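[1] No letters, just coordinates:
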C-alpha cells in the first residue's frame, strides 16, 4: 500500500517536489531555481522547457534524498504560479516561445483596447476579474498576434494553451504521446475566459479576444477522482502514479491551511502576496477592487469560491534589495538589518515595479521611495521594504472587510517570508488582529498533495486534513491605535505618489 503523496510546486522563481506522509508532514524536498528573463522593461518570461527539465530533476532529487521509490506514492498533485501563459505544439511539445509570466505588462495596449468598450469591469460579471495585464487571456492574444505561426497552428488545433499546471500535467502524463490537456477550475478562473458559474469557457469572451476554443484545455475539478492519466515507468518517478490533483498556488495554500469554512482566510507571502477569503458556494462580487475567483472544487461536489487580493511584489522586493541594490547576500539577512532601527525614519517603499494590483489596479504606477532625508540609512530602507508588504496586506484587508461585511478576526499566514518574525509582528500590529503561522509552512505544496490525496483515496475525508493542521506561533498586535493609523496614512500618501507615472 502506498505510504506517501507527492506534489510539484511550480513557482515563479523555482520548482519544488515535496513528499508528504499521512499527517501532512514533509518527508523529503528538492528544489531548483529557473532563469528570470527580462527582454524589455516590464516584460517577464520563463523558459518552459527549462521548467519541465527542472521538474523532472526535483522529482528524482526528492526520491533519492528520501530513499522512497515512485511506486510508494499514492498520487501526484500539482500547484503552480497562476496566469503564466505558454503555447506549444501538440505534436512535438515545442513551445512557440517563452512563457509570459503573470507579472509581465506587455499586454497593456491589448487591455486598453478591451477597456475602451466597457471599462475595466467589462468581463467582471462573468469572470469575477478586472481587465488587467495580470490575467492569461490577453497574454494568449499577444502570442497569437505576435509569434509567427502560432495563430495558424491554434486555428488548426495543433497548438495547446496552458498555464503552468497544464504544461506540467501534459508532460507528466505522456506529453506528445497522449498527455492529458487539462486545467483545474482554479487556474481556469484566472484566464479571464471562464464563466465563474458554469465553469465553462465563455464563447463571447473568446470571440472578443480572438482565441480559438480548440487550443484551450478541458476544465476539470481541482481534486479529480477520475484522474487525468498516470506517470510513465520511463519518467522521473520510474512508476505509474495517478496525476489527479491541481490547484493554483494561492488556492492550494487555502486548502493546505484547511480553510474549508466561509469567512476563513489566509495570506501567502512569496514573490507576490495573496490574501484569500473563503466565501462559500456562491461567487461574491467585489465592489472594492478585489477579484472573485474559484477556491477549489472536489470531484462530485459544488465548487467553492473566494475573494482575493493580489499583490504583485512582496518577497520580490527583498530580492530586488539583494540582487539589484546588493545590500546583502542572503534574503534572510534583511531581518537583522531592519532590526537595528526602531522605525523607518519616515521612509516608505511602494514596489509598483509593474504597476499596482489589488485594490488599485493601476498599470500606470511605478515604484517610489518616499520620505527620504539625510537621516535615513540602509537599515531604515530595509525596514521600509518589510513594512511595504504588511501595508499592502492591510490595503487588501480593508477592501475585504468592506466587501464581505465581516471584519477579519485573525489571519493564517504561510510562504517563505513568514519566517521573518519582525515582519509577522508588524503585520499583526498594522492589522490589529492575531497573525497565526502553522507548523507546516509549506502549505501551497501541501494543498496540492491534499487535492491528489483525496482524489486517490489516500485521505478519505477533509476532516483528516483539518486534524493535520497545527499552530506553530501566533503574534498579537502591540502597536497603539494612534501610531497604527498615522503610519497607514503615510503609506496611503506614498501610494498616491506612484500613480500616472507611465503615460
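    That came in fine, so what should we check first? If you're wondering where the values come from, they're calculated on a predicted model, not measured in any experiment.
[2] Assign the residue lying closest to residue 449 once chain neighbours are set aside to helix, strand or coil.
    Ranked by Cβ to Cβ, 6 or more residues apart in numbering and with sequence neighbours excluded, the top spatial neighbour of residue 449 is residue 7, at 4.1 Å. Where you see a C-beta, it was placed from the backbone N, CA and C, and this is true even at glycine. Assigned state for residue 7: strand (three-state reduction, DSSP: H, G, I helix; E, B strand; the rest coil).
[3] For residue 7, give its distance to residue 18.
    5 Å (Cβ to Cβ, to the nearest Å).
[4] Can you pick out the residue with more neighbours from those two?
    Legend: neighbour count by other Cβ atoms under 10 Å for residue 7 and residue 18, higher for residue 7 (31 against 25).
[5] In this structure that one contacts residue 75, no?
    No. Contact criterion Cβ atoms under 8 Å: residue 7 and residue 75 do not qualify, at 9.3 Å.
[6] Relative to the centre of this protein, find the outermost residue for me.
    Among the residues of the chain, the one whose C-alpha is farthest from the average of all C-alpha positions is residue 374, by Cα atoms, centre = their mean at 38.2 Å.
[7] sec struct for that one, please.
    Classification of residue 374 by three-state DSSP places it in coil.
[8] Who are the contact partners of residue 16?
    Under the criterion of Cβ atoms under 8 Å, 6 or more residues apart in numbering, the contact partners of residue 16 comprise 8, 9, 29, 30, 31, 32, 58, 445.
[9] Just put those residues in JSON lines and tack on pLDDT, distance to residue 487 and secondary structure.
    Conversion of those to JSON lines gives the following (pLDDT from 0 to 100; distance: Cβ to Cβ, whole Å; DSSP: H, G, I helix; E, B strand; the rest coil):
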{"residue": "8", "pLDDT": "97", "distance to residue 487": "40", "secondary structure": "strand"}
{"residue": "9", "pLDDT": "96", "distance to residue 487": "34", "secondary structure": "strand"}
{"residue": "29", "pLDDT": "95", "distance to residue 487": "37", "secondary structure": "strand"}
{"residue": "30", "pLDDT": "97", "distance to residue 487": "41", "secondary structure": "strand"}
{"residue": "31", "pLDDT": "96", "distance to residue 487": "36", "secondary structure": "strand"}
{"residue": "32", "pLDDT": "96", "distance to residue 487": "39", "secondary structure": "strand"}
{"residue": "58", "pLDDT": "97", "distance to residue 487": "41", "secondary structure": "helix"}
{"residue": "445", "pLDDT": "93", "distance to residue 487": "34", "secondary structure": "helix"}
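[10] Output the residues you listed as a markdown table; include the columns distance to residue 368 and neighbour count.
    Formatted as a markdown table, these follow (distance: Cβ to Cβ, whole Å; neighbours: other Cβ atoms under 10 Å):
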| residue | distance to residue 368 | neighbour count |
| --- | --- | --- |
| 8 | 37 | 28 |
| 9 | 32 | 27 |
| 29 | 37 | 18 |
| 30 | 39 | 20 |
| 31 | 33 | 17 |
| 32 | 34 | 16 |
| 58 | 38 | 22 |
| 445 | 35 | 28 |
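[11] Would you mind giving the residues you listed as a markdown table with distance to residue 315 added?
    Listed next are those as a markdown table, based on distance: Cβ to Cβ, whole Å:
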| residue | distance to residue 315 |
| --- | --- |
| 8 | 20 |
| 9 | 15 |
| 29 | 18 |
| 30 | 20 |
| 31 | 15 |
| 32 | 18 |
| 58 | 20 |
| 445 | 16 |
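[12] wait, doesn't residue 407 sit right on residue 401?
    Yes. Using Cβ under 8 Å, residue 407 is in contact with residue 401, at 5.0 Å.
[13] Give me the more crowded residue out of these two.
    residue 401 (14 against 11).
[14] Roughly how far does that one sit from residue 265?
    According to Cβ to Cβ, residue 401 stands 11 Å off from residue 265.
[15] got any residues that touch both of these two?
    Common neighbours of residue 401 and residue 265, using Cβ under 8 Å, 6+ apart, are residue 408.
[16] Next, work out how far apart residue 97 and residue 85 are.
    Per Cβ to Cβ, residue 97 is found 10 Å from residue 85.
[17] These two: which has the busier surroundings?
    For residue 97 and residue 85, the more surrounded residue by other Cβ under 10 Å is residue 85, and the numbers stand at 27 against 16.
[18] Nearest spatial neighbour of the more buried one, chain-adjacent residues omitted?
    That would be residue 139: by Cβ to Cβ, 6+ apart, it lies 3.9 Å from residue 85.
[19] just checking, that neighbour touches residue 83?
    Yes. In this structure, residue 139 sits in contact with residue 83. The criterion is Cβ under 8 Å, and the distance is 7.5 Å.
[20] Name the residue in these two with the higher neighbour count.
    Neighbours were counted for residue 139 and for residue 83 using other Cβ under 10 Å; residue 139 has more, 28 against 25.
[21] Work out the gap between the helix or strand containing that one and the centre of the chain.
    Under the criterion of DSSP states H and E, residue 139 resides in helix 136-146. The gap between where helix 136-146 is centred and where its chain is centred comes out at 20 Å by Cα atoms, centre = their mean, to the nearest Å.
[22] What of stretch 299-317?
    Taking the mean C-alpha point of stretch 299-317 and that of its whole chain, the gap between them comes to 7 Å (Cα atoms, centre = their mean).
[23] And stretch 97-112, by the same measure?
    Stretch 97-112 has its average C-alpha position 16 Å from the chain's average C-alpha position, going by Cα atoms, centre = their mean.
[24] Which parts of the stretch 151-300 of the chain are strands?
    Per DSSP state E, counting those that start in this stretch, the stretch 151-300 of the chain has strands spanning 159-162, 182-184, 194-195, 200-201, 218-220, 243-248, 265-269, 273-280, 291-296. These are given in chain order.
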